[in-house]
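Colleague: let's see this in three dimensions:
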Amino acid sequence: VAAAKVAAGEAAYGAARAALQLHGAIGYTDELDLSLWIRKARALRTAWGTTSECRARVLDGQDIFY
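Modeller: Down below sits the predicted model:
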């Protein structure tokens with residue numbers, strides 16, 4: 001579960017950042033929903049543990065959220 005959370009969080013944030021590069025400064029405005037998705041991806045990337053905490057769980061064999 002922790003490994004999947006890290007992979008999904010990094011993929012979502014990477015996709016949002018790539019979309020921002022594609023759309024330019026309009027991605028930060030409220031005219032485009034991209035600003036909403038970037039905020040969500042950033043928040044979900046650290047929800048229920050940061051990526052470093054989740055990677056440590058995987059390395060320790062504690063792949064279960066309590």
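Colleague: show me where pLDDT drops low in this structure?
Modeller: Applying pLDDT under 70 to the chain flags the ranges 27-28, 62-66.
Colleague: contacts only, for residue 42.
Modeller: Contact partners of residue 42, counting by C-beta atoms under 8 Å, 6 or more residues apart in numbering, are 13, 16. C-beta here means a position set from N, CA and C on the backbone, and glycine is covered the same way.
Colleague: in terms of helices and strands, where is it?
Modeller: When elements are assigned from DSSP states H and E, residue 42 belongs to helix 34-46.
Colleague: how about the longest helix anywhere in the chain: buried residues?
Modeller: Secondary structure of the chain read by DSSP state H shows that its longest helix is helix 2-23. The neighbour-count criterion (16 or more other C-beta atoms under 10 Å) identifies 2, 5, 6, 9, 12, 13, 16, 20 as the buried residues of helix 2-23.
Colleague: what about residue 30, neighbour count?
Modeller: Burial of residue 30 is recorded as 8 neighbouring residues (other C-beta atoms under 10 Å).
Colleague: how close does it get to residue 38?
Modeller: Using C-beta to C-beta, to the nearest Å, one obtains 12 Å as the distance from residue 30 to residue 38.
Colleague: also residue 50?
Modeller: 18 Å.
Colleague: who has more neighbours, those two?
Modeller: In terms of neighbours (other C-beta under 10 Å), residue 38 is the more surrounded of residue 50 and residue 38; the figures are 19 against 13.
Colleague: what about the longest helix of the chain, distance to the chain center?
Modeller: Using C-alpha atoms, centre = their mean, to the nearest Å, the mean C-alpha position of helix 2-23 is found 5 Å from that of the whole chain.
Colleague: just checking, what packs against that helix?
Modeller: For helix 2-23, the helices and strands in contact under the criterion 3 or more C-beta pairs under 8 Å, 6 or more residues apart in numbering; DSSP states H and E are helix 34-46, helix 51-60.
Colleague: now these in JSON lines, with distance to residue 26?
Modeller: What follows is the helices and strands packed on helix 2-23, written out as JSON lines (distance: least, C-beta to C-beta, whole Å):
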{"stretch": "helix 34-46", "distance to residue 26": "8"}
{"stretch": "helix 51-60", "distance to residue 26": "28"}
